[in-house]
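J.: A structural model of the following input is requested.
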Amino acid sequence: MISDMYVYGYSKKTIKSYTECVSRLTEFFKQSPLTLKPIDIYNFFLHLRKQELSDSTVLVYYSALSLFYTLAKKKSTMKLIPTPKKKPKVATVLNKTEITNFLKHCTSIKEKTIFTLLYSSGIRIGELEQLKVSHIDFERKSIFIEEGKGSKQRYAILSDQAAYLLNQYIQSYHPTSYIFFSFTKGRNYRINIRWIQIKFKEISKIAGIIKKASVHCLRHSFATHLLEDGYSIFYIQKLLGHTALNSTLIYLHVNPKYLLQIPSPMEKIDSARMSIFETPSQYGFELRIP
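T.: I've put the predicted structure just below:
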């Protein structure tokens, strides 16, 4: 299965995730998954639901096991399991005042560089983790994302503020490979994502942010603020690295006021010249009492 996924172009993260799903199925029944019957798979998914796992996690299990049994030419083993539906989530977005307040409370150059970069570019935390010095082009003001979600490559924005902080950070810490390396393991090891998540929670609390926010909300905020500033959702789609526009359209739901800011075509009509509204009472009713 692993070799097949590499051939089909699955990302390393997906391969690891799918392999773990099959391993957990094997551990649950203490036997080869190839010997299991449809009712066994049904009971396994019932077990997953009883654990109150998120819809996203259950969907990963479904995708992993569907692929496994398809490759094993045993697709019917999954016949009792309907495709799990993922409930749409409304993304948490920090407003610009909250973003400013959050960044003000970053106490080290490392913290400020990481969180400024995440917000100003809209890249994912996993993409930031993999950034290397060679991926930054200060002259073109761009960040090369070598392996985004689905192993896709793209360029992201490097703002002037982020470039300034990155320069300071590089001069202070002298990274040679990964920009944000592990201080405990050494320069050849990537920073621990969990450290970034913990720092985000700590700074959010100090900054007085009461929204239920995670590091990923910086990406949501980046996209929403661009939308509010009038940029095309198609450009935002490319910057975020979304394959499907549907993934980007969530930001219209986050900020429905954006739709209400679109002028009606009536605003483009010269009503005075066309004598559409001549008098205030033209279409009014007059009540006459005899």
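J.: tell me which residues of stretch 201-212 are tucked away?
T.: By neighbour count, and taking 16 or more other C-beta atoms under 10 Å as the criterion, the buried residues in stretch 201-212 are 203-204, 207, 209. C-beta here means a position set from N, CA and C on the backbone, and glycine is covered the same way.
J.: now swap in stretch 189-197 and tell me
T.: Applying a neighbour-count criterion of 16+ other C-beta under 10 Å, one finds 190-191, 196 buried in stretch 189-197.
J.: returning to that earlier point: which two of the buried residues of stretch 201-212 have the greatest separation?
T.: The largest distance within the buried residues of stretch 201-212, taken as C-beta to C-beta, falls between 203 and 209 and amounts to 8.5 Å.
J.: Name the nearest residue to residue 72, ignoring sequence neighbours.
T.: residue 34 (6.1 Å; C-beta to C-beta, 6 or more residues apart in numbering).
J.: isn't that neighbour right next to residue 74, touching?
T.: Yes - under the criterion of C-beta atoms under 8 Å, residue 34 lies in contact with residue 74, with a separation of 7.1 Å.
J.: And the two? Which one has more around it.
T.: residue 74 (14 against 11; other C-beta atoms under 10 Å).
J.: show me the contacts for the more buried one.
T.: Residues touching residue 74, when contacts are defined by C-beta atoms under 8 Å, 6 or more residues apart in numbering, comprise residue 34.
J.: Read off the pLDDT value for it.
T.: You'll see residue 74 listed with a pLDDT of 92.
J.: How about the one 10 residues further on?
T.: Note on residue 84: pLDDT of 80.
J.: count of neighbours near it?
T.: When neighbours are counted by other C-beta under 10 Å, residue 84 registers 18.
J.: try residue 37
T.: Residue 37 has 11 neighbouring residues, counting by other C-beta under 10 Å.
J.: ok, it - contacts?
T.: When the contact criterion is C-beta under 8 Å, 6+ apart, the partners of residue 37 are residue 77.
J.: residue ranges with poor pLDDT in the stretch 151-290 of the chain?
T.: In the prediction, the stretch 151-290 of the chain carries residues with pLDDT under 70 at positions 151, 252-290.
J.: What is the distance between stretch 219-235 and the centre of its chain?
T.: 13 Å (C-alpha atoms, centre = their mean, to the nearest Å).
J.: which outside residues touch it?
T.: The set of residues external to stretch 219-235 that reach it, using C-beta under 8 Å, 6+ apart, is 91-96, 99, 118-124, 236, 239-240, 245, 248-249, 251-252, 254-255, 258.
J.: For it, list every residue counted as buried.
T.: So, applying 16+ other C-beta under 10 Å, buried residues of stretch 219-235: 219-228, 233.
J.: Then stretch 29-42?
T.: Counting neighbours by 16+ other C-beta under 10 Å, stretch 29-42 gives 33, 36, 40-41 as buried.
J.: and if you look at stretch 146-165?
T.: Neighbour-count burial for stretch 146-165, counted by 16+ other C-beta under 10 Å, picks out 148-149, 154-156, 158, 162-163, 165.
J.: Check these against residue 78 and report the nearest one.
T.: residue 149 (25.0 Å).
J.: Can you tell me the element residue 102 falls in?
T.: Element membership for residue 102 (DSSP states H and E) is helix 96-104.
J.: Which neighbouring elements make contact with that helix?
T.: Applying 3 or more C-beta pairs under 8 Å, 6 or more residues apart in numbering; DSSP states H and E, one finds that helix 96-104 makes contact with helix 109-121, helix 217-228.
J.: quick one: average pLDDT of it?
T.: Taken as a whole, helix 96-104 has a mean pLDDT of 93.
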